[in-house]
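S.K.: next come a sequence and a model predicted from it.
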2 protein chains.
Amino acid sequence: MTRSDSTTRDGLLDAAESLFAEHGFASASVRAITESAGANVAAVNYHFGSKLELIKAVLERRVGPLNAERLRRLDLCETRVDATLEDVVAAFVEPALAMVRNEEDRTSLARLLGNVFSQAGAELRPVLLDLFGPLIERFVVALERFLPGLAPRQIYWRFHFMVGATSFTVGLGNIAQAYSDGACDPSDADHLERELVRFVAEGFRHGARAPGDAS
Amino acid sequence: MTRSDSTTRDGLLDAAESLFAEHGFASASVRAITESAGANVAAVNYHFGSKLELIKAVLERRVGPLNAERLRRLDLCETRVDATLEDVVAAFVEPALAMVRNEEDRTSLARLLGNVFSQAGAELRPVLLDLFGPLIERFVVALERFLPGLAPRQIYWRFHFMVGATSFTVGLGNIAQAYSDGACDPSDADHLERELVRFVAEGFRHGARAPGDAS
DNA sequence: GTCTATATAGCGATAGAC
DNA sequence: GTCTATCGCTATATAGAC
């Protein structure tokens, strides 16, 4: 594969991402994907080997950079002495919301990532653990520094709640707009970001001592 | 249909619920469902008319009572003068967690309900809005009483975050056990319930005045 | 690297006997 | 109300021409 002919491969990834987001991994067919990409039906098998490998490639292309950015921001928190719990939460939340923010096609990437956990069947579970496992460990360690006095299981559960709120918002933020009769506007990303970060940070904080307080 | 022959119908609902939860609506086939129920392949079409109608019946059988219980507990909050924000949150969260708690088969109902929003395709969206719309309105009104000073869009977004955290926990609580290396135990329902209710309540509370404070 | 044609299998749904 | 048999369709995947 040369650089010039990667357009078909990339076109397949783009089309697959969009259709997976819209219909789910199972319901988006290889035929629909190739047709949407303007490629031949056999292209998926030629370039990826199977539909499952295509799904993995779609995930890795997006989740890799997303989690790399999260870790980059977490590094910043850990080198700055004036970092707050809100900064750590924002390091996790904001890169995810940024994908919605910069997305012209609202039914594409964001919805896919938001629903990736619930959509994933047994065959994708190991892939997700590989992609997210190291990230979780790093964040839990960082959170412990800001939340002295909490038991590990409390940190893990609250981290789980954060993932749930974030995924649900990234994937299904538009339904909030529907049932709130327009009061919630997902395109007002600044407000949404501020609300989610503070909601999660306050949820994390309760029952913990102030950082550095040894009492 | 007489009372006595409803066993086939109920068996289909049970089998469908379990297989939908395990494989998703799209991937769980009518053939697998009827086989699992010990019924004939034609039984789904005879009793429900189509696969989509079967999905609707499965959802309504469970979501109806769940939301009825939530509203019953919300009514209690509104008649008691000493009710707290935590009580309102618990009215939403605990009936959902109770389904996990009392569930022998961990891959069944709970996972289905937790993932119902992300699994639902376009054809199920109206059904879900019918099932959840009135509930949302009631809760938002009740929450406003406990959160003076917050804008409606803040209440709606935070409600959305609560739904996300709750759904994710109900549907995928077992993955927290996996990546926390056993520190999180979903079967310790009392601890999980307390953590989730307080996490959400503190998230709701920030930036609001104390209830009754007109300052 | 892209194409057509096809192998193989599973799907939802239905007709008609019992 | 349950059964078998089957229709019509779609799916993934592949073989082989170009």
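M.R.: Noted; the coordinates are in hand.
S.K.: only C-alpha atoms from now on, for both contacts and neighbour counts.
M.R.: OK.
S.K.: just name the shakiest helix or strand of chain A by mean pLDDT.
M.R.: Counting by mean pLDDT, DSSP states H and E, chain A has its least confident helix or strand at helix A:109-114, which shows a mean of 80.
S.K.: what about A:Ile33, neighbour count?
M.R.: 25 (other CA atoms under 10 Å in any protein chain shown).
S.K.: and A:Pro152, by the same measure?
M.R.: A:Pro152 has 15 nearby residues by other CA under 10 Å.
S.K.: three-state assignment of the residue lying closest to it once chain neighbours are set aside?
M.R.: Spatial nearest neighbour of A:Pro152, excluding adjacent residues (CA to CA, 6 or more residues apart in numbering or on different chains): B:Ala183 at 6.8 Å. Using DSSP: H, G, I helix; E, B strand; the rest coil, the structure places B:Ala183 in coil.
S.K.: residue contacts, B:Ala183?
M.R.: A:152-153, A:156, B:177 (CA atoms under 8 Å, 6 or more residues apart in numbering or on different chains).
S.K.: out of the residues you listed, which are buried?
M.R.: Buried residues within the contacts of B:Ala183, defined by neighbour count using 16 or more other CA atoms under 10 Å in any protein chain shown: A:153, A:156, B:177.
S.K.: how near is the last one to B:Arg111?
M.R.: In this structure, B:Gln177 lies at 15 Å from B:Arg111, with CA to CA, to the nearest Å as the measure.
S.K.: the first one now?
M.R.: Distance of A:Arg153 to B:Arg111, given as CA to CA: 21 Å.
S.K.: ramachandran coordinates for A:Cys184?
M.R.: The phi/psi pair for A:Cys184 (degrees, to the nearest 10) reads phi -90, psi 120.
S.K.: that one: how many residues sit nearby?
M.R.: Going by other CA under 10 Å, the residues that sit close to A:Cys184 add up to 24.
S.K.: hang on, the earlier thing: lowest-confidence entry in the buried ones among the contacts of B:Ala183?
M.R.: In terms of pLDDT, the lowest of those is B:Gln177, showing 93.
S.K.: buried stuff in the helix or strand hosting it?
M.R.: Using DSSP states H and E, B:Gln177 maps to helix B:152-179. Buried residues in helix B:152-179, counted by 16+ other CA under 10 Å: B:153-177, B:179.
S.K.: which residues touch whichever strand or helix holds A:Glu193?
M.R.: Counting by DSSP H and E, the element that carries A:Glu193 is helix A:189-205. Residues from elsewhere that reach helix A:189-205, judged by CA under 8 Å, 6+ apart: A:85-86, A:89-90, A:93-94, A:97, A:101, A:147, A:155, A:158, A:162, A:166, A:186, B:154, B:157-158, B:161, B:198-204, B:206.
S.K.: dump the C-alpha coordinates for it into PDB.
M.R.: Extracted C-alpha coordinates of helix A:189-205, given in PDB (Å, rounded to 0.1, in the frame of the first residue of the first chain):
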ATOM      1  CA  ALA A 189     -20.100  23.700  24.300                       C
ATOM      2  CA  ASP A 190     -18.600  26.200  26.800                       C
ATOM      3  CA  HIS A 191     -21.600  26.000  29.000                       C
ATOM      4  CA  LEU A 192     -22.000  22.200  28.700                       C
ATOM      5  CA  GLU A 193     -18.300  21.700  29.400                       C
ATOM      6  CA  ARG A 194     -18.400  23.900  32.500                       C
ATOM      7  CA  GLU A 195     -21.600  22.200  33.800                       C
ATOM      8  CA  LEU A 196     -20.200  18.700  33.300                       C
ATOM      9  CA  VAL A 197     -16.800  19.400  34.800                       C
ATOM     10  CA  ARG A 198     -18.300  21.000  37.900                       C
ATOM     11  CA  PHE A 199     -21.000  18.300  38.300                       C
ATOM     12  CA  VAL A 200     -18.400  15.600  38.200                       C
ATOM     13  CA  ALA A 201     -15.800  17.400  40.400                       C
ATOM     14  CA  GLU A 202     -18.300  18.100  43.100                       C
ATOM     15  CA  GLY A 203     -19.500  14.500  43.000                       C
ATOM     16  CA  PHE A 204     -15.900  13.300  43.400                       C
ATOM     17  CA  ARG A 205     -15.200  15.700  46.200                       C
END
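S.K.: perfect, I'm done here.
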